[in-house]
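Following is a predicted model, sequence given first.
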Amino acid sequence: MSTRAKVILISAISLVVIATIAAVATFLIIQKQHDDDVKEADAAAAAYVDEVAEFRELADEELGESGSDSPTETVEAAEGLEDELPTLDDAPEYGKENSSKYAAAQQTQTRLDKDLTAVVRAAKHAVDVAAFVSAGRTALDSDVPVDLIGPGPFENGAPIRETSIPGMQAVKDDFLAVEVPDGLEDAQAAVVAALDHVINELNTMATNLDNRQSYNFPFGEQYGAGLDALQDAEDDAREPLDESIDALVESDKPA
């Protein structure tokens with residue numbers, strides 16, 4: 001092999017070695033950057049997990065203070081917590097794609113947002129139910145029919161037709177004007193049935209008084225059934241609210 005050929009061969013080998021070293025160096029630099037990206041994502045995830053733990057403690061305190069019998073205060077507390085929701089910091093794309101801790105933190109963030117939304121929704125429903133139940137209990141005040149009938153004596157059924165029946169009809173109309181939350185149609189029907197019972201009996205009473213016959217009627221059973229239906233509705237609304245609060249303040253689960 002000539003000297004010139006040897007020089008060319010050595011030069012070529014040197015270039016290959018230099019290229020290989022450069023490639024290895026580049027790989028190591030990229031790998032180092034990737035490692036740093038994952039570490040940054042891990043750090044962001046760890047910081048977020050700590051913030052979530054603090055948020056859950058705050059939520060437990062705020063929602064606990066709202067009181068189990070005050071859905072309106074629970075709504076206010078839950079909506080206030082929306083401004084306190086922790087946010088997962090951004091991280092390099094490679095780190096986000098390759099950090100299992102960051103992926104878990106993203107799942108936690110999704111779950112936390114959904115859990116708080118569920119609390120607000122359940123609390124608002126409980127507020128609507130409470131308003132409906134209150135109206136129902138007012139309508140089923142057992143003193144109202146007695147007061148509307150009055151002490152008597154009656155010469156005929158005119159006072160019942162002119163005062164008692166219109167009065168009870170007004171009670172029924174006022175109740176029917178109240179918005180019925182989803183799922184409470186049966187409770188509404190139970191209250192209306194109790195009021196209709198009294199109205200029907202008042203009509204019978206008026207007829208009997210026209211014939212100079214005394215007439216009394218019970219309505220405790222019907223009112224009791226209506227009140228029981230209202231209590232069941234209130235209890236049924238409280239259960240999902242309690243469950244949603246528990247889900248919000250408990251330890252993390254996979255989203």
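Arrived safely.

Let me see the mean pLDDT of the helix or strand containing residue 235.
Element membership for residue 235, per DSSP states H and E: helix 220-249. If you average the pLDDT over helix 220-249, you get 94.

From the contact counts, what lies against it?
Applying 3 or more Cβ pairs under 8 Å, 6 or more residues apart in numbering; DSSP states H and E, we find helix 220-249 packed against helix 3-65, helix 71-82, helix 100-139, helix 185-210. Where C-beta positions appear, they are placed from N, C-alpha and C, glycine not excepted.

and the shortest one with helix 100-139, angle?
Helix 71-82 and helix 100-139 meet at an angle of 160 degrees, taking axes from the mean of the first three to the mean of the last three Cα atoms, to 10 degrees as the criterion.

What distance do you get for the most centrally placed residue in the chain to residue 165?
Here the mean C-alpha position of the chain is nearest to the C-alpha of residue 122 (Cα atoms, centre = their mean), at a distance of 2.7 Å. Relative to residue 165, residue 122 is positioned 40 Å away (Cβ to Cβ, to the nearest Å).

same thing with residue 35?
On the measure of Cβ to Cβ, residue 35 and residue 165 end up 84 Å apart.

neighbour count winner among the two?
Legend: neighbour count by other Cβ atoms under 10 Å for residue 35 and residue 165, higher for residue 165 (20 against 13).

show me what contacts the more buried one?
Residue 165 makes contacts with 199, 202-203, 206, as judged by Cβ atoms under 8 Å, 6 or more residues apart in numbering.

thinking again about what came up before, tell me which of the helices and strands packed on helix 220-249 lies nearest to residue 224.
helix 185-210 (8.5 Å; Cβ to Cβ).

helices or strands next to the closest one in the packing?
helix 100-139, helix 143-149, helix 165-176, helix 220-249.

Flag every buried residue along that helix.
Neighbour counts over helix 185-210 (16 or more other Cβ atoms under 10 Å) mark 187-188, 190-192, 194-195, 197-199, 201-202, 205-206, 208-209 as buried.

what do you get for stretch 39-59?
Across stretch 39-59, burial judged by 16+ other Cβ under 10 Å covers 40-45, 48-49, 51-52, 55-56, 59.

pLDDT weak spots in this protein?
By pLDDT under 70, the low-scoring segments of the chain are 1-34, 65-69, 251-255.
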